[in-house]
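A.B. asks: Quick one: sequence and predicted model below, then my questions.
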Amino acid sequence: KKPKAIISVHLYGMPYKVDEVHKIAKAYNIPVLEDSAEALGSTYNSIKCGTFGDISILSFNGNKIITTSGGGALVTKDIKIKEKAVFLATQARDQAVEYLHSSIGYNYRLSNVLAGIGRGQMEVLDDRVAARRANYEHYKNSFRNIEEIKFVDEPEGYYSNRWLSCILTPSEEIREGIRTSLDALNIETRPLWKPMHQQPIFKDAPKYLNGVSDDLFKKGLCLPSGSNLTDIELNRVTSAIKTYFRAWLKNYYKTYQINMLQSG
């Protein structure tokens, strides 16, 4: 069966493989729903994310670069899709004097106040993106001598808003060691998104796996990434992670020496 749509996600602000995905979509005439919830301000070949899909979505949730405390926006070049979306989002009320409904609708509108707050913040979007990218560069420079920490760089033509700065570690054990040591200092970090096939509600759903998402979930960690982080706060995070690795290396070599003695 041909899928009804392809949902493509710009993850953590990094653009998806736009050319490859849309080449397949065009060949098989499959619409693309572009999830740009995390990628406001990101670009692919200088084109803004959120403009590639037949329908694209933006998120203004409280943890996003631009926030209205909740809600988001739908983006489309098709006026008929736009009108249908507005119709459904405003309770699908038919044109009549009385309240008349021939379709099931929803009340999915942002209030005018929240929409105004969101539009006002659009003026500082570039500043927010610059701050997030500065967080990423701070972490990357701070951990350049720690071989166990890897970063995902931008391929040519990719520009990420670095909504969240994420690292990859050698193992789940080390990832959890970093996370729990920071948690003890009241510094919140989280693993990368849990793969959909690991969610209990989707346990019986069809899935096509190659192990990549499972591996990333085990080894990946999202670091504090707010646009208003200060240098003092960033240094506190990096200092705590360096302290963890000093203790980890000390324990690693101690275990290695014990194993060597026991083996001969």
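C.D. replies: Right, received. Where do you want to start? Numbering: from 1, shown residues only.
A.B. asks: number of nearby residues for the closest residue to residue 18 other than its chain neighbours?
C.D. replies: Nearest non-adjacent residue to residue 18, counting by CB to CB, 6 or more residues apart in numbering: residue 44, 4.9 Å away. C-betas here are computed from N, CA, C, even on glycine. Using other CB atoms under 10 Å as the criterion, residue 44 is surrounded by 22 other residues.
A.B. asks: Residue 44 and residue 154, how far apart?
C.D. replies: Distance, residue 44 to residue 154, using CB to CB, to the nearest Å: 10 Å.
A.B. asks: Kindly report the same for residue 74.
C.D. replies: As for residue 74, its distance to residue 154 is 27 Å (criterion: CB to CB).
A.B. asks: picking that back up, show the pLDDT at the residue nearest to residue 18.
C.D. replies: pLDDT, the model's per-residue confidence, is 98 for residue 44.
A.B. asks: just residue 255 next, same as before
C.D. replies: In the predicted model, residue 255 carries a pLDDT score of 60.
A.B. asks: mind listing the strands for the stretch 151-264 of the chain?
C.D. replies: For the stretch 151-264 of the chain, strands defined by DSSP state E, counting those that start in this stretch occupy the ranges 158-159, 166-168, 190-191, 220-222.
A.B. asks: now these in JSON lines, with mean neighbour count?
C.D. replies: Putting the strands of the stretch 151-264 of the chain into JSON lines (neighbours: other CB atoms under 10 Å) gives the following:
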{"stretch": "strand 158-159", "mean neighbour count": "20"}
{"stretch": "strand 166-168", "mean neighbour count": "22"}
{"stretch": "strand 190-191", "mean neighbour count": "15"}
{"stretch": "strand 220-222", "mean neighbour count": "20"}
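A.B. asks: Could you export those as a markdown table, including distance to residue 236 and mean pLDDT?
C.D. replies: Compiled in a markdown table, the strands of the stretch 151-264 of the chain are given as follows (distance: least, CB to CB, whole Å; pLDDT from 0 to 100):
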| stretch | distance to residue 236 | mean pLDDT |
| --- | --- | --- |
| strand 158-159 | 28 | 98 |
| strand 166-168 | 16 | 97 |
| strand 190-191 | 18 | 96 |
| strand 220-222 | 16 | 98 |
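A.B. asks: wait, is residue 63 part of a strand?
C.D. replies: No. Using DSSP: H, G, I helix; E, B strand; the rest coil, the assignment for residue 63 is coil, not a strand.
A.B. asks: residues contacting residue 51?
C.D. replies: The neighbours of residue 51, taking CB atoms under 8 Å, 6 or more residues apart in numbering as the test, are residue 75.
A.B. asks: Work out for me the element it sits within.
C.D. replies: If you go by DSSP states H and E, residue 51 is not part of any helix or strand.
A.B. asks: thinking again about what came up before, CSV please, covering the strands of the stretch 151-264 of the chain and showing distance to residue 69.
C.D. replies: What follows is the strands of the stretch 151-264 of the chain, written out as CSV (distance: least, CB to CB, whole Å):
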stretch, distance to residue 69
strand 158-159, 27
strand 166-168, 25
strand 190-191, 20
strand 220-222, 21
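A.B. asks: For the residue nearest to residue 18, list each beta-bridge partner.
C.D. replies: residue 47, residue 158 (DSSP bridges).
A.B. asks: Pretty sure it sits against residue 52.
C.D. replies: Yes. Counting by CB atoms under 8 Å, a contact exists between residue 44 and residue 52, whose distance comes to 7.4 Å.
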